[in-house]
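Please find the sequence and the predicted model below.
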Amino acid sequence: MDFTRKARFVAGGHLTDPPASITYSSVVARDSVRIMFMIAALNDLSVLVADVGNAYLNAPCREKIWFTAGKEFGSIAGTKIVLVRALYGLKTSGAAWRAHISGNMRELGFEPSDANPDVWMRAATKLDGFKYYEYVLIYVDDILALGEHPEKVMISLSEIYRLKKDKKTGKAYAPPERYLGANIGQYDLPDSQKAWYMSSNDYAKEAVKTVEQKLSEIGKQL
């Protein structure tokens with residue numbers, strides 16, 4: 001431990017009252033995630049996950065907001081400052097970020113699914129001539145990509161955004177072990193084919209641990 005600490009300048013979104021039309025932001029449905037893992041298994045597609053760092057700050061601010069710089073701004077304290085980026089804390093930042101990454105997904109040739117607008121798809125062809133769709137699922141800043149070579153999609157995204165690197169491996173994207181709080185993995189079927197699974201194992205263990213801790217505080221046990 002090197003005692004490094006992270007600070008983030010945030011906005012007091014509770015002080016603004018923007019219209020609902022610029023605050024709503026959807027995310028990929030969990031059922032869609034399960035279906036995509038089934039599609040990956042049926043079509044022998046690889047799966048990778050990534051996390052966009054400081055995602056909101058990539059998007060322009062959707063509100064017209066200014067504030068007076070405080071003493072933390074040093075020599076420019078007292079200056080009137082206009083926000084140009086979707087700071088964390090603003091009610092519109094989630095929607096601004098979604099609009100921003102949606103525009104870039106379209107630039108990469110992806111289109112949103114009719115059934116779920118946060119499932120992005122692009123027609124592709126495998127080396128053996130098999131035609132299929134590449135998919136990208138987006139849950140705020142959590143990215144899941146499926147394809148014969150999903151690393152190509154991740155490389156394209158990494159040229160636009162800063163993808164967080166895993167502290168242990170140093171990699172910005174990798175096969176999923178967790179996604180949206182669930183344990184992710186593969187297992188072999190009796191016919192030697194591979195299937196994906198989503199499990200709440202870690203979530204259940206943590207829930208039991210919390211209950212046991214609460215009970216021990218009052219002299220009881222589970």
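That came in fine, so what should we check first? Just so it is clear, the structure is predicted and the values come from calculations on it, not from any experiment.

Now do the longest strand along the chain: which elements does it pack against?
Longest strand in the chain, counting residues (DSSP state E): strand 131-139. With contacts taken as 3 or more Cβ pairs under 8 Å, 6 or more residues apart in numbering; DSSP states H and E, strand 131-139 sits against helix 30-42, helix 93-107, strand 119-125, strand 142-147, helix 150-158. Any C-beta I mention is one placed from the backbone N, CA and C, and that applies to glycine too.

Point me to the residue sitting closest to the centre of this protein.
For the chain, Asp142 is the residue whose C-alpha lies nearest the centre (Cα atoms, centre = their mean; 1.5 Å).

Can you verify my assumption that that one contacts Val49?
Yes - using Cβ atoms under 8 Å, Asp142 is in contact with Val49, at 7.1 Å.

shaky segments in this protein?
Applying pLDDT under 70 to the chain flags residues 1-4, 6-7.

residue furthest from the geometric center of it?
Gly219 (40.8 Å).

Just list the residues touching Ser102, thanks.
Going by Cβ atoms under 8 Å, 6 or more residues apart in numbering, Ser102 touches Pro112.

now it: how far from Asp118?
In this structure, Ser102 and Asp118 are 9 Å apart, going by Cβ to Cβ, to the nearest Å.

ok, now Lys91?
Plainly put, Lys91 is 20 Å away from Asp118 if you go by Cβ to Cβ.

Which one's more surrounded, those two?
Per other Cβ atoms under 10 Å, whichever of Lys91 and Asp118 has more neighbours is Asp118, with 21 against 18.

Sheet-wise, list the partners of the longest strand of the chain with their directions.
The strands that strand 131-139 pairs with in its sheet are strand 119-125 (antiparallel), strand 142-147 (antiparallel) (by DSSP bridges).

So which bits of it are buried?
By 16 or more other Cβ atoms under 10 Å, the buried positions in strand 131-139 come out as Tyr132, Tyr133, Glu134, Tyr135, Val136, Leu137, Ile138, Tyr139.

Mind putting the helices and strands packed on strand 131-139 into JSON lines with distance to Ile65?
Putting these into JSON lines (distance: least, Cβ to Cβ, whole Å) gives the following:
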{"stretch": "helix 30-42", "distance to Ile65": "34"}
{"stretch": "helix 93-107", "distance to Ile65": "11"}
{"stretch": "strand 119-125", "distance to Ile65": "30"}
{"stretch": "strand 142-147", "distance to Ile65": "27"}
{"stretch": "helix 150-158", "distance to Ile65": "28"}
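
mind checking which of those is nearest Ile22?
Evaluated over these, closeness to Ile22 peaks at helix 93-107, with 5.9 Å, by Cβ to Cβ.

List the strands paired with the helix or strand just after that closest one, with their directions.
Later in the chain than helix 93-107, the nearest helix or strand by DSSP states H and E is strand 111-112. Partners of strand 111-112 in the sheet, by DSSP bridges, are strand 119-125 (antiparallel).
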